[in-house]
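> Return atomic coordinates for the entry below.
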Amino acid sequence: MEEETMVVLAAYNSVMEAEMNKSKLERAGIWSTIRNEYMSALYPTGAMPAELVVRSEDLEKARKALQ
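Predicted coordinates:
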């Protein structure tokens with residue numbers, strides 16, 4: 001089985017902002033996940049940002065979907 005390469009599309013100080021953009025990607029048919037979702041809520045702003053992560057082959061499409 002081929003292993004997928006995941007890349008960080010964006011980092012957010014707010015989990016809510018990351019969730020909103022994740023929803024936009026889902027509507028565009030792009031799979032994504034949020035890395036550090038819980039930790040970013042526990043630590044001070046900017047200490048551990050929530051990262052929106054997509055498959056490397058979806059990176060450009062995801063960038064366009066969020067514009």
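
> Only C-alpha atoms from now on, for both contacts and neighbour counts.
OK.

> residues touching R35, list them.
Residues in contact with R35 (Cα atoms under 8 Å, 6 or more residues apart in numbering) are 50-53.

> what about the residue nearest to N36 when sequence neighbours are not counted, how many neighbours?
For N36, ignoring the flanking residues on the chain, the nearest one in space by Cα to Cα, 6 or more residues apart in numbering is A50 at 5.1 Å. Neighbourhood size, A50 [other Cα atoms under 10 Å]: 25.

> most centrally placed residue in the protein?
Of all residues in the chain, the one closest to the mean position by Cα atoms, centre = their mean is L52, 1.1 Å from it.

> right, and it touches A11 too?
Yes. L52 is within contact range of A11, at 6.2 Å (criterion: Cα atoms under 8 Å).

> packing partners for the helix or strand bottoming out on mean pLDDT in the chain?
Among the helices and strands of the chain, helix 37-42 carries the lowest confidence by mean pLDDT, DSSP states H and E, at a mean of 75. Packing partners of helix 37-42 (3 or more Cα pairs under 8 Å, 6 or more residues apart in numbering; DSSP states H and E): helix 15-27, strand 50-55.

> related to what we said a few turns ago, where do the contact lists of L52 and A11 overlap?
Going by Cα under 8 Å, 6+ apart, residues that sit against L52 and also against A11 are A18.
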